[in-house]
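**Q** heads up, no residue letters with this:
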Ligand SMILES: Nc1nc2c(c(=O)[nH]1)N[C@H]1C(S)=C(S)[C@@H](COP(=O)(O)OP(=O)(O)OC[C@H]3O[C@@H](n4cnc5c(N)ncnc54)[C@H](O)[C@@H]3O)O[C@H]1N2
Ligand code: MOO
């Protein structure tokens with residue numbers, strides 16, 4: 001044995017260590033911290049996470065405003081109206097003239113309340129007499145249907161803390177509060193390397209070749225997890241191809257598919273070994289997907305090795321890529337979703353199982369057929385993946401359900 005062989009023999013890769021499923025997720029989440037902040041225009045920030053608190057840049061509303069179409073009135077009625085042809089008070093038009101006691105003026109929803117107005121009378125609650133006087137058909141209380149300046153927030157109020165996911169609703173709030181851009185955590189760049197000479201990128205499977213199911217699935221899935229995925233890159237099974245592809249990538253995370261097992265062309269372990277990578281997780285006690293791995297390259301970048309069987313790859317995505325990307329994107333974990341099983345689900349004797357499930361409409365989940373490691377049919381019909389502990393669980397038991405994008 002040469003010195004080089006000896007170092008390999010004692011290296012951690014040579015002693016496969018199966019990590020419990022929950023531990024693997026915790027290791028992946030702890031493997032990285034949030035990436036630096038960047039400014040993004042509102043239109044480009046969806047799905048990123050606030051790197052700074054959202055602080056109101058203005059009072060909201062920023063002026064006293066009418067909540068209804070009708071008349072701005074001053075004091076108790078009846079009220080005198082301005083002569084016909086006088087300008088109404090409309091939304092977006094500044095400079096409403098002051099209203100004296102006993103006077104009223106027509107006003108639109110969202111228009112600034114004229115100085116001196118004490119309430120808004122809704123159009124359906126007022127009547128104009130032939131003498132041109134406005135009468136109310138019901139009592140008008142002081143301040144009625146006036147939205148006061150600052151009723152929602154004052155300038156400087158914190159509207160959302162650091163770590164908040166930028167949703168469509170948050171974009172609307174940010175715009176209302178005066179923002180054109182947001183400081184958000186940069187999206188991790190992820191390269192997807194699809195391994196395998198047997199894969200076709202279009203057309204029908206033939207002659208022992210099959211369609212690549214992972215390239216088309218992983219990009220959108222990674223984007224939903226907050227990443228910026230590149231185009232899938234196809235890496236042949238020849239010696240050295242994976243090493244070159246890893247060396248050429250400048251991404252924060254490289255996700256590989258296939259080649260994690262110990263077949264003759266399974267290059268992931270030997271390549272990582274050759275690069276001196278640190279294996280943080282090397283095999284997980286979960287079915288499908290147990291050959292999945294997580295490694296850190298010398299540059300500090302991470303490699304998530306997903307098994308080639310498509311449902312096993314999804315198990316690896318949910319177990320390792322999701323927590324790692326959650327850490328890199330600064331997302332806070334949502335509350336675990338728990339649901340009651342509508343049917344018994346058999347378990348693996350020692351490993352956890354991830355089983356595609358659908359909601360049954362009354363808050364329970366039922367396992368789906370076509371859940372074999374090489375199948376996506378159950379998953380594509382599903383609402384989530386139930387985590388079934390070793391030994392299985394009976395109908396009526398509660399399980400954790402991992403959501404799908
Ligand atoms: N002797 C053993 N053999 C295998 C073991 C084992 O423990 N001992 N584990 C099995 C399990 S479990 C899995 S999962 C696979 C993992 O294999 P790899 O990650 O090395 O993946 P491949 O061998 O490259 O492919 C497995 C399977 O998946 C198909 N595949 C691969 N890529 C794609 C793709 N992009 N789209 C669709 N299908 C894909 C590939 O054709 C193979 O059929 O190893 C088992 N073997
Ligand atoms: O567990 Mo493999 O990951 O069954 O397909």
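**A** Yes, it's here. These figures come from a predicted structure and were not determined experimentally. Residues are numbered from 1 along each chain as shown. Ligands and ions are numbered 1, 2, ... in the order given.

**Q** give me the three-state assignment for residue 72.
**A** Using DSSP: H, G, I helix; E, B strand; the rest coil, the structure places residue 72 in strand.

**Q** what residues does the residue nearest to residue 160 when sequence neighbours are not counted make contact with?
**A** Nearest residue to residue 160, sequence neighbours excluded (Cβ to Cβ, 6 or more residues apart in numbering): residue 54, at 4.1 Å. Using the backbone N, CA and C atoms, a C-beta is placed for each residue, glycine as well. By Cβ atoms under 8 Å, 6 or more residues apart in numbering, residue 54 lies in contact with 158, 159, 160, 164, 170, 173, 174, 177, 179, 182.

**Q** tell me the confidence at residue 54?
**A** We have a pLDDT of 98 for residue 54.

**Q** one more: residue 4?
**A** The predicted local confidence for residue 4 is 41.

**Q** do the same with residue 154
**A** For residue 154, pLDDT reads 98.

**Q** now it: how far from ligand 2?
**A** Per Cβ to the nearest ligand atom, to the nearest Å, residue 154 is found 55 Å from ligand 2.

**Q** who's in contact with the closest residue to that residue other than its chain neighbours?
**A** Nearest non-adjacent residue to residue 154, counting by Cβ to Cβ, 6+ apart: residue 59, 5.5 Å away. Residues in contact with residue 59 (Cβ under 8 Å, 6+ apart) are 149, 150, 153, 154, 155.

**Q** could you do residue 254 as well?
**A** Contacts for residue 254 (Cβ under 8 Å, 6+ apart) come out as 190, 191, 192, 193, 246, 301, 302, 303, 304.

**Q** would you reformat these as JSON lines and include pLDDT?
**A** Listed next are those as JSON lines, based on pLDDT from 0 to 100:
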{"residue": "190", "pLDDT": "98"}
{"residue": "191", "pLDDT": "98"}
{"residue": "192", "pLDDT": "98"}
{"residue": "193", "pLDDT": "98"}
{"residue": "246", "pLDDT": "96"}
{"residue": "301", "pLDDT": "96"}
{"residue": "302", "pLDDT": "98"}
{"residue": "303", "pLDDT": "98"}
{"residue": "304", "pLDDT": "98"}
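
**Q** how about the helices in this structure?
**A** Under the criterion DSSP state H, the chain contains helices at 3-10, 21-30, 168-176, 215-224, 241-248, 268-274, 310-316, 322-329, 377-380.

**Q** mean neighbour count and distance to residue 397 for those helices - can I get that in a markdown table?
**A** Listed next are the helices of the chain as a markdown table, based on neighbours: other Cβ atoms under 10 Å; distance: least, Cβ to Cβ, whole Å:
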| stretch | mean neighbour count | distance to residue 397 |
| --- | --- | --- |
| helix 3-10 | 10 | 44 |
| helix 21-30 | 18 | 17 |
| helix 168-176 | 14 | 35 |
| helix 215-224 | 18 | 28 |
| helix 241-248 | 16 | 42 |
| helix 268-274 | 20 | 36 |
| helix 310-316 | 27 | 21 |
| helix 322-329 | 24 | 24 |
| helix 377-380 | 17 | 20 |
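
**Q** comparing those helices, which gets the lowest mean pLDDT score?
**A** Among those, helix 3-10 scores lowest, at a mean of 40.

**Q** and of the helices of the chain, who's closest to ligand 2?
**A** Comparison of those against ligand 2 by Cβ to the nearest ligand atom identifies helix 310-316 as nearest, at 3.0 Å.

**Q** and the helices of the chain: which comes nearest residue 132?
**A** With Cβ to Cβ as the criterion, residue 132 lies closest to helix 168-176 of these, at 38.2 Å.

**Q** and that closest one, what does it pack against?
**A** Judged by 3 or more Cβ pairs under 8 Å, 6 or more residues apart in numbering; DSSP states H and E, helix 168-176 is in contact with strand 54-55, strand 158-160.

**Q** out of the contacts of residue 59, which end up buried?
**A** For the contacts of residue 59, a burial check counting by 16 or more other Cβ atoms under 10 Å picks out 149, 150, 153.
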